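**Q** Would you be able to build a 3D model of this:
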Amino acid sequence: MMQITSDSASNKHSLINVMHRFIAAANNMDETIMVPSLLRDMPLEEQATSEKEANNNNEPQCPNKQRDMYEHYLLLKSIKNDMEWGLLKREMSSGASFLEMAVKQEEQQQVTGDLLQDNHSDLERQFHYHLRGLFGVLSKLTTQADNLTNRYKREIGGGNFIR
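**A** Predicted coordinates:
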């Protein structure tokens, strides 16, 4: 088993540190939001402004975005659980996450022979590409969890405790 050295754990740019920050933000969100149902029908701040702009431009709204803070809260909790427990637990409960669907799709492509053999020739390049993506996504998710927590505090009246 690989052990984490104190050098990599203290490096603020390590993947482990970025994962810990997201999980800590999600845990803080979960501990702060005592009544998640209060988030229903409460639009995300970014979405509310983009909807006003879209209505002014007569552009159709994107139906794939989370419609309210409650759905966003559930998404962040689901991602945190996938990170903590992996895909096996979700498979056992027969739920399907985005990550699980992507993994299954790649496995199916390998079985059918759709993947080119040279895809595996540059594993280091693929690793760094996905690592950069993972850093970006985890940083955004951490920010979103913090923003959702702070917005909940403002809406509920606990604004004095915003960190």
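
**Q** Every contact and neighbour count from this point should use C-alpha atoms.
**A** Will do.

**Q** what sits against residue 44?
**A** Contacts for residue 44 (CA atoms under 8 Å, 6 or more residues apart in numbering) come out as 67-69.

**Q** Which pLDDT value goes with it?
**A** According to the model's per-residue confidence, residue 44 sits at a pLDDT of 79.

**Q** Would you check how far apart it and residue 38 are?
**A** Summarising the geometry, the distance separating residue 44 from residue 38, computed by CA to CA, to the nearest Å, is 13 Å.

**Q** likewise residue 87?
**A** As for residue 87, its distance to residue 38 is 29 Å (criterion: CA to CA).

**Q** next one: residue 67
**A** 14 Å.

**Q** Between those two, tell me which one has more neighbours.
**A** When residue 67 and residue 38 are compared on other CA atoms under 10 Å, the one with more neighbours turns out to be residue 67, at 17 against 14.

**Q** before we move on, the earlier item: which single one of the contacts of residue 44 is nearest to residue 14?
**A** Out of the contacts of residue 44, the one with the shortest distance to residue 14 is residue 69. That distance is 29.6 Å, counting by CA to CA.

**Q** That closest one: what's it in contact with?
**A** Taking CA under 8 Å, 6+ apart as the definition of contact, the neighbours of residue 69 are 39-44, 148.

**Q** again, but for residue 37
**A** By CA under 8 Å, 6+ apart, the contact list for residue 37 reads residue 70.

**Q** confidence score at it?
**A** Residue 37 carries a pLDDT value of 91.

**Q** Show me the strands in this protein, by range?
**A** For the chain, none of the segments meets the definition of strands by DSSP state E.

**Q** Poorly predicted segments of the chain, please.
**A** Judged by pLDDT under 70, the chain has its weakly predicted residues at 1-10, 46-66, 88-121, 158-163.

**Q** Scan this protein for its longest helix.
**A** In the chain, assigned by DSSP state H, the helix with the most residues is helix 123-156.
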